[in-house]
Each structure stands twice: as C-alpha cells, then as structure tokens.
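K.L.:
what's the 3D shape of this:
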Amino acid sequence: MSLWTSQEIAAAVGGAAHGDFAVDGVTFDSREVVAGDLFIALRGEATDGHRFIDGALARGAAGLVVSEPVAVPHVLVADTMAALNALGVAARTRSSAMRIGVTGSVGKTGVKEALKSALGRFAPDAVHASVKSYNNHTGVPLSLARMPAASRFGVFEMGMNHAGELTALTGLVQPHIAMVTWVASAHREFFDSEADIARAKAEIFSGLPAGGTAIIPHDNIHAEILLAAARDAGARIIRFGLNEGADVWAEQVKLHPDCSCVTARIGDERLTFRVGLAGKHWVNNALAVLAAVQAAGGDLALAGLALAEFSDLPGRGRRLRVAAGAGQAVIIDEAYNANPASMAASLAVLGAIAPARNGRRLALLGAMKELGELSAEFHAGIAPHLIAAGVAVAVLVGPEMQPLAKALGRQIDVRHVANADAALAELQGVLAADDVLLVKGSNSVGLGRVITALAEEVPA
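P.N.:
Model (predicted):
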C-alpha cells in the first residue's frame, strides 16, 4: 500500500493533481530522493527547490508538489511550505497512532531513537519516528507527512532556539505524550536566562490534548517551571530521575566504562536492565524512555531488552576503533553537538575508561556555539571536567576555545587549533595505540570529518 496517492495529496493540501501517481515516501531534499518518493519543492531564503526538480526526477521521484506548473506528474499549490504543513496535519488526522513529542536541551535525539527501538520491540514495523534530527519548522511537518496511516506509535523530536517555536511545533504534532529530557544552557545566545529556556521548552505541553501526559526531569533545577506549565495544560504528570521522589527512578545504578546496570522503579513496577550506552546521563535518558513506554501502553520488559542493545549511535556515543601507531585507538564519537551540560557528561564517560596498556585519555573538543555573552565563561568552565577525566592531551578547535585553553594553562597538554582540518593534522601526530579519544563539539565545527578521516585509516 502506498503512503500517499496524488488525489490524497491534492485533497490534503488543497491543490490540483496533474497526473495520477502514488508515492512511498516524502522529502524536500533532492539529494535524499529515492525511487517512489514525493518531492516537495520548497522555496527558502537561500534557494528554491524548483531548481532541483530535474535532479529529484533523475533519482526516481514519482511525483512533485510545486507552485509552478511542470510537464510531469505533480500537485500544483500556491505555497509549497503551507502544503507540507497541511500534508503533515492530514497524516496526523488519518492515523490513530499514539504520538509522543520529545524535546530538551540535551538528549532528545538519543531518547527519540531509544523510544523507537523500545516501542518497536512491542509493535514491530508499526513505530514511526523522525529521522536524523529533523526537529524544526520543516523537519517536524515532514516527519508527520511520512507517517504511515497504520502506525501504532509516532515519535517526534522537536527542537527550538527561540521562544514560541515549540508552541507551533507541538500544535502541529498534538502529541498524546510530551517529554522534556533536560533543561540546560543550549542556545543561550537567544535567552536571558536558563529559566527562560525552561519556559520555552515547557511550551511542548501546550499541544497536549485533554488527559495528555507530560514527562518531566525530576532532578532538573528547573523542574518546577516545567511542572507549572504541565499543570496549566491539565496534563497527567510523570516525573523521572535518578533520585527517590520521582515516579520513575533508579533504585540502584552501577556505572561501567561501556554501559550501565540499573534497577528502576516505574510506578508500582520494578525493572532491572542494562543501558548499552555509558554514562549517568544515559541512565537518566533510559528512565525517560521507560516512563514514556509505560505511558504509551508498551511493554517494559521488552523496552529493557531494547535499551540493553541500544548503542552505536553516530555522533552520540558510538565507539569505533581506528589505526594508531602500531595498533589501534578507540574513538568515542560525540561529534554531533555540544553544550556545557553534554560536554561535562561526555568527559565523565571518558574519565571512567581505563585505557589498555600504555594508552592515554585524549579529548578533541570543538567550540560550543550559540552561548552568547556567557560563551567565554561556559568554555572556561569545562577545564575542571577535563582535569577530573584525566585527559593527557586536549586538542581544542575554534576561537571560542581560547578561554578554555587559558584556564587549563599547563595542567595538561593543550593544542589549540583553528579548524577541523588542523585538528586532524594534530591528531595524526599525537594519537597512539591504545589511546581513548573523545570527540565532542557543535556540529558546525565539523569534527565528524575528523572521525571519518581517522576511521578510513583502519587497516584491512
């Protein structure tokens, strides 16, 4: 059964169908088109999707949504962005799926992926989720539009860097369950205080229907702000955390270098399970997942099995071996993004690892973006975490890292470089067999390219 037919698309978006066609997927990026997809030609500030129609067709697009007539099967609309939103609403309306919205300063993509895996054990082939980090004003309606009508669960990541953005996104998704993973100083450039970030995150609860469920981090300093917003929305509230007093909490936690073992109380139930990714922050994420699974009517035991096997997330904790000297080194890939809270958590994971033989702990850290006037203070504040982790060599990337280099002084070996290419050259001269290297930074710094280049050096 196809995802959409041309007539269904036209009815959903208020357009005119020209030619009969059916599609199995939806995208607005011509580079991502696969055979059978619908290509929506969005107009943006920098470019116009209509310029890439030929490329989309060459890759196998079965139909188009356009605002200019073309000589191939298409649905003609006045505004393609409005059409994308309308198609997302139509997908939401036609499906009886339990929808779960996830936001947070840290952890939202990982929690979204873990939820997809946990619910997938309970409802195989019936869980739909956002791909990658499609969590903004274009990614969220696209993720909705891609949801098959027969889905039992839909998991949607929602992001923001300004107040008001989550109100729009949660209104589009209208989740039955809305979760905030954590509140920290991400995108601080656009907010006067961390409390203002909490208020912006709490907007996700405004999209809940009557009787909806709000899932809140009990241990967060801003939990009361989130609780107040959830109460205002008339939500059923579930609090998760590492400490007693939460509705879902960890009675026992044993942290290991590559995983964690947890006994948790989930309401009246108790579950002992393993988390396949290391660090206390991932224990907290796992508790959030269990809270959502229970609220959604899933199976906690199956969710525990899924969490045990959950690992190897590119850019978010994946571990890989690369050639180094006469042997291999281990890379902890946290290159997708960074803020002060996630940087500290990742360095704690590094510090718990005992390198083999004569190996050392190394850190490649990229600048943390969008921190505004407090950027220097936040970067310098990473110094105690590097020292506590026992890092032997720190390669720091970007001008924003100068305060951290200054704060570290001569306490560890610091190499401060301008960009990712210079960082790669530095690492190729310093990385040795049995070293463990943490790679962490904001996505725009491009540290993923360094990991790719080092991984290509693994001997056959």
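K.L.:
Report the central residue of this protein.
P.N.:
By Cα atoms, centre = their mean, the chain has its centre lying nearest to T109, at 2.0 Å.
K.L.:
so that residue sits in a helix?
P.N.:
Yes: read with DSSP: H, G, I helix; E, B strand; the rest coil, T109 is one of the residues of a helix.
K.L.:
how about R319, secondary structure?
P.N.:
Assignment for R319 (three-state DSSP): strand.
K.L.:
ok, it touching E334?
P.N.:
No: using Cβ atoms under 8 Å, R319 is not in contact with E334, being 10.3 Å away. All C-beta atoms are positioned from the backbone trio N, CA, C, and that covers glycine.
K.L.:
anything in contact with each of those two?
P.N.:
Here R319 and E334 share no contacting residue, scored by Cβ atoms under 8 Å, 6 or more residues apart in numbering.
K.L.:
Compare these two (neighbour count), which wins?
P.N.:
For R319 versus E334, the count of surrounding residues by other Cβ atoms under 10 Å is larger for E334: 27 against 15.
K.L.:
In contact with that one, which residues?
P.N.:
G315, R316, G317, S342, S346, L438, V439, K440.
K.L.:
Could you check what's spatially nearest to the third one, not counting adjacent residues?
P.N.:
Right, the one you point to is G317. L277 (4.6 Å; Cβ to Cβ, 6 or more residues apart in numbering).
K.L.:
Which pLDDT value belongs to E457?
P.N.:
Looking at E457, its pLDDT stands at 55.
K.L.:
which element is the residue nearest to G317 on?
P.N.:
Using DSSP states H and E, L277 sits in no helix or strand.
K.L.:
Same question for the one 4 residues further on.
P.N.:
Secondary structure assigned from DSSP H and E places H281 in helix 280-295.
K.L.:
hmm, back to that, and which of the contacts of E334 is nearest I221?
P.N.:
I221 lies nearest to S342 out of the contacts of E334, by Cβ to Cβ, at 16.0 Å.
K.L.:
Helix, strand, or coil at the closest residue to the closest one other than its chain neighbours?
P.N.:
Nearest residue to S342 in three dimensions, chain neighbours excluded: V106, at 4.6 Å (Cβ to Cβ, 6+ apart). The local conformation at V106, judged by three-state DSSP, is coil.
K.L.:
Helices along the stretch 351-460 of the chain, start to end?
P.N.:
375-380, 383-388, 402-408, 420-430, 447-455 (DSSP state H, counting those that start in this stretch).
K.L.:
so how far is N358 from H50?
P.N.:
Here the criterion is Cβ to Cβ, to the nearest Å. By it, H50 lies 59 Å from N358.
K.L.:
Comparing the two, which residue is more hemmed in?
P.N.:
Neighbour count, other Cβ under 10 Å: between H50 and N358, H50 has more, with 16 against 9.
K.L.:
and that one, that one's in a helix?
P.N.:
Yes: counting by three-state DSSP, H50 is located in a helix.
K.L.:
what's the distance between the closest residue to it other than its chain neighbours and V77?
P.N.:
Distances taken as Cβ to Cβ, 6+ apart place A41 nearest to H50, at 4.6 Å, with adjacent residues excluded. Using Cβ to Cβ, A41 is found at 10 Å from V77.
K.L.:
which helices and strands sit right next to the worst-scoring helix or strand of the chain on mean pLDDT?
P.N.:
Least confident helix or strand, the chain: strand 318-324 with a mean of 92, by mean pLDDT, DSSP states H and E. Contact partners of strand 318-324 among helices and strands, from 3 or more Cβ pairs under 8 Å, 6 or more residues apart in numbering; DSSP states H and E: strand 327-334, helix 447-455.
K.L.:
Show me where the stretch 201-350 of the chain has its strands.
P.N.:
Assigned by DSSP state E, counting those that start in this stretch, the strands in the stretch 201-350 of the chain fall at 213-217, 236-241, 248-255, 260-266, 269-275, 318-324, 327-334.
K.L.:
Quick check: which of those strands has the most neighbours on average?
P.N.:
strand 213-217 (a mean of 27; mean count of other Cβ atoms under 10 Å).
K.L.:
L169: what's it in contact with?
P.N.:
Taking Cβ under 8 Å, 6+ apart, we find L169 in contact with G101, N135, N136, H137, V140, M158, M160, I204, G207.
K.L.:
Relative to E194, which of those is nearest.
P.N.:
Closest to E194, out of all of these and judged by Cβ to Cβ, is M160, at 14.3 Å.
K.L.:
buried ones in stretch 157-166?
P.N.:
E157, M158, G159, M160, E165, L166 (16 or more other Cβ atoms under 10 Å).
K.L.:
For the nearest residue to N284 once chain neighbours are set aside, grab the count of nearby residues.
P.N.:
Nearest in space to N284, with sequence neighbours left out and distances taken as Cβ to Cβ, 6+ apart, is L242 at 6.1 Å. Other residues lying near L242 total 19 when counted by other Cβ under 10 Å.
K.L.:
surely L242 meets N285?
P.N.:
No: between L242 and N285 there is no contact under Cβ under 8 Å: 11.1 Å.
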